[in-house]
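Chemist: Quick one: sequence plus predicted model below, questions after.
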Amino acid sequence: SGLQQAILVIRQHADDPDAWQDNPEWFRNQLVLDDGVEQWYFSVWAPPIPASGSGGTSDDEVRYGLEDESARLHLNVAPAETIRRLPDMTDELADALIDFRDADDDASPLGCEQEYYNQLPQPYTIRNNKFTTVEELLLVRGFNGGIVFGEDVNRSGILDANEDDSEATFPPDDGDGQLSPGLASLLTIYTRQLDQNSAGEQRIPITAEIDVLRRHGVPEQTLQYIELVRAEGGKIAHPADLLEAEYELKLNHDAQPAGSIVQSGVGADVLAVIIDTLGPEHSEPMLEGLVNVMTASASVLAALPGLDEDTAARIVDMRSGLDEDTRATVAWLYTEGVLDVQQFREAAPHLTVRSSQFRVRSIGFGAKSGRYRMIEAVVDRQKGAEPSIVYLRDTTRLGLPVALDVESVEVSQ
């Protein structure tokens, strides 16, 4: 019932974070059935959102709502350098991870391929392909429960007493009053979205014919710039590459001799329109692995090209105060002065402002007996399509992650 309630909210309110991110009215202690013996409720909960600049949290206030899966890095498509910049990641771990997911048998400088796994006391065949779950990291050389799950032994995202007592009880932790949730809290394999603009229409590839770009309102100066760059064999892979761009001509053109500097005409005033209208060079309408700049933690953002810890913290601090029009595209990162030109060009191809997949954690419980069961799911929602469940598992064996809060429900005797 909790999962179905989440799907209903996703279907109707996916574009309104206030409806799904923390909404106790819809997700806390919802009565499903009074069978005369027991009263059965569900709660859909989520870990607290980390404060800016923090990978973990010391705040144990549970949210009643959903998690945006696009707040995580896609384990299968994240560039190698992004993988290396994740918290507590070493070059040895990163190379082993890349070798595990790539299709070749050529080991990275500090990595390993099938030959290493063949020599283990209990050999196994590695995938040499995409990860099918984040937990599959445990099969990669060097990775263990402490690296993948951190101190968060029950996967709750909330700091429990046994996760903050140093070596007194399992798991081992540093007792610093903050939860280290491990890599699993930062990674996913499910994020993808249609390459659409803010109105839900297909964006036009930056490589489209000039007449097509003109029909979709691209300014004439920008069209001339694109045409001249193309004429000299240049490549514009993403609309972010047009920001404050200049190009020195190598050849003579009609009214533009060699050596002339041509400008794209794309500045802060038109950047949002360009980013919303044009898409990257690609052959498929579906983009995989974009990170939602409006919901991602500073730890995730800091791993992306063009960003660092300080910049990521500024993004997290600023985004909640943006109006609806400003937050409609990632252009605000430049127009609001958070990123410079080069940073924006590097970061924008990896970012989005929309949520298409949601993680659902639901607890069903009896108010009298305290019996409970839990499930975790990922729901995929694309505009124009019915939400679908792409991942589902029973997590009861991990133990109760949050208090059932039965004192707040009316229990009939």
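Modeler: The structure has been received and is ready for your questions. What you are looking at is a predicted structure, and each value in this text was computed from that prediction instead of being measured.
Chemist: on contacts alone, who are the packing partners of the helix or strand where Glu81 lies?
Modeler: Using DSSP states H and E, Glu81 sits in helix 80-84. When contacts are defined as 3 or more CB pairs under 8 Å, 6 or more residues apart in numbering; DSSP states H and E, helix 80-84 sits against helix 91-101. C-beta: built from backbone N, CA, C; applies to glycine.
Chemist: Name the residues of the helix or strand following the helix it packs on that are buried.
Modeler: Next in sequence after helix 91-101, counting helices and strands by DSSP H and E, comes helix 114-118. Taking 16 or more other CB atoms under 10 Å as the neighbour-count basis, helix 114-118 is seen to contain the buried residues 114, 117.
Chemist: Would you mark the buried spots in the helix or strand following helix 114-118?
Modeler: In the C-terminal direction, the helix or strand that comes right after helix 114-118 (DSSP H and E) is helix 145-149. Neighbour counts over helix 145-149 (16+ other CB under 10 Å) mark 147-149 as buried.
Chemist: any chance of these in JSON lines, with distance to Glu67 and pLDDT too?
Modeler: Shown next, in JSON lines, are those (distance: CB to CB, whole Å; pLDDT from 0 to 100):
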{"residue": "Ile147", "distance to Glu67": "21", "pLDDT": "94"}
{"residue": "Val148", "distance to Glu67": "18", "pLDDT": "95"}
{"residue": "Phe149", "distance to Glu67": "16", "pLDDT": "92"}
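Chemist: Save those residues as TSV, and put in distance to Asp308 too.
Modeler: As requested, those are arranged in TSV below (distance: CB to CB, whole Å):
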residue	distance to Asp308
Ile147	23
Val148	25
Phe149	26
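Chemist: buried ones in stretch 238-258?
Modeler: Of the residues in stretch 238-258, those buried under the neighbour-count criterion (16+ other CB under 10 Å) are 238-245, 247, 249.
Chemist: Identify those among those that sit within helices.
Modeler: If you go by DSSP state H, the buried residues of stretch 238-258 have nothing in helices.
Chemist: Pull the contacting residues for Asp211.
Modeler: For Asp211, the set of contacting residues under the criterion of CB atoms under 8 Å, 6 or more residues apart in numbering is empty.
Chemist: secondary structure element for it?
Modeler: With elements delineated by DSSP H and E, Asp211 resides in helix 210-215, which encompasses its position.
Chemist: Next secondary structure after that helix?
Modeler: The element immediately downstream of helix 210-215 (helix or strand, assigned by DSSP H and E) is helix 220-231.
Chemist: follow-up on the earlier one: of the buried residues of stretch 238-258, just say which sits nearest to Asn129.
Modeler: Lowest distance from Asn129 to those (CB to CB) belongs to His238, with 27.1 Å.
Chemist: Nearest spatial neighbour of Ala94, chain-adjacent residues omitted?
Modeler: If the residues on either side of it in the chain are set aside, Ala94 comes closest to Arg84, at 4.5 Å by CB to CB, 6 or more residues apart in numbering.
Chemist: my guess is Phe149 meets Ser156, correct?
Modeler: No - contact status for Phe149 versus Ser156: not in contact, 10.8 Å apart, counting by CB atoms under 8 Å.
Chemist: buried sites along the helix holding Glu81?
Modeler: Of the residues in helix 80-84, those buried by neighbour count under the rule 16+ other CB under 10 Å are 82-84.
Chemist: for stretch 30-49, same thing?
Modeler: Going by 16+ other CB under 10 Å, stretch 30-49 has these buried residues: 30, 39-49.
Chemist: Ok, stretch 91-109 next?
Modeler: 93-102, 107-108.
Chemist: For it, the averaged confidence score.
Modeler: Average pLDDT, stretch 91-109: 95.
Chemist: repeat for stretch 349-362
Modeler: Per-residue confidence for stretch 349-362 averages out to 96 on the pLDDT scale.
Chemist: Now it - C-alpha only, PDB.
Modeler: Listed in PDB are the C-alpha atoms of stretch 349-362, where the atom choice follows Å, rounded to 0.1, in the frame of the first residue of the first chain:
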ATOM      1  CA  PRO A 349      26.500  18.100 -19.700                       C
ATOM      2  CA  HIS A 350      26.300  16.000 -16.500                       C
ATOM      3  CA  LEU A 351      23.400  17.900 -14.900                       C
ATOM      4  CA  THR A 352      19.600  18.100 -15.000                       C
ATOM      5  CA  VAL A 353      16.900  19.900 -13.000                       C
ATOM      6  CA  ARG A 354      14.300  17.100 -13.300                       C
ATOM      7  CA  SER A 355      13.500  13.900 -11.300                       C
ATOM      8  CA  SER A 356      12.500  10.800 -13.200                       C
ATOM      9  CA  GLN A 357      13.300   8.000 -10.800                       C
ATOM     10  CA  PHE A 358      12.300   7.800  -7.100                       C
ATOM     11  CA  ARG A 359      13.500   5.500  -4.300                       C
ATOM     12  CA  VAL A 360      10.600   4.300  -2.100                       C
ATOM     13  CA  ARG A 361      11.100   2.900   1.400                       C
ATOM     14  CA  SER A 362       7.900   1.700   3.000                       C
END
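Chemist: Figure out how far that stretch is from the centre of its chain.
Modeler: From the chain centre to the centre of stretch 349-362 is a distance of 6 Å (CA atoms, centre = their mean, to the nearest Å).
Chemist: In this structure Asp88 contacts Val148, no?
Modeler: No - under the criterion of CB under 8 Å, Asp88 makes no contact with Val148, lying 10.5 Å away.
Chemist: anything in contact with each of those two?
Modeler: With CB under 8 Å, 6+ apart as the test, Asp88 and Val148 both reach Leu183.
Chemist: List the contacts of Leu307.
Modeler: With contacts taken as CB under 8 Å, 6+ apart, Leu307 has the following neighbours: 301, 315, 339, 343, 347.
Chemist: right, I mislabeled it, should have said Gln30
Modeler: Neighbour list for Gln30: 1-2, 5, 41-43 [criterion: CB under 8 Å, 6+ apart].
Chemist: Kindly report the same for Leu75.
Modeler: Taking CB under 8 Å, 6+ apart as the contact definition, Leu75 lies against 101, 131, 134, 137, 187-189.
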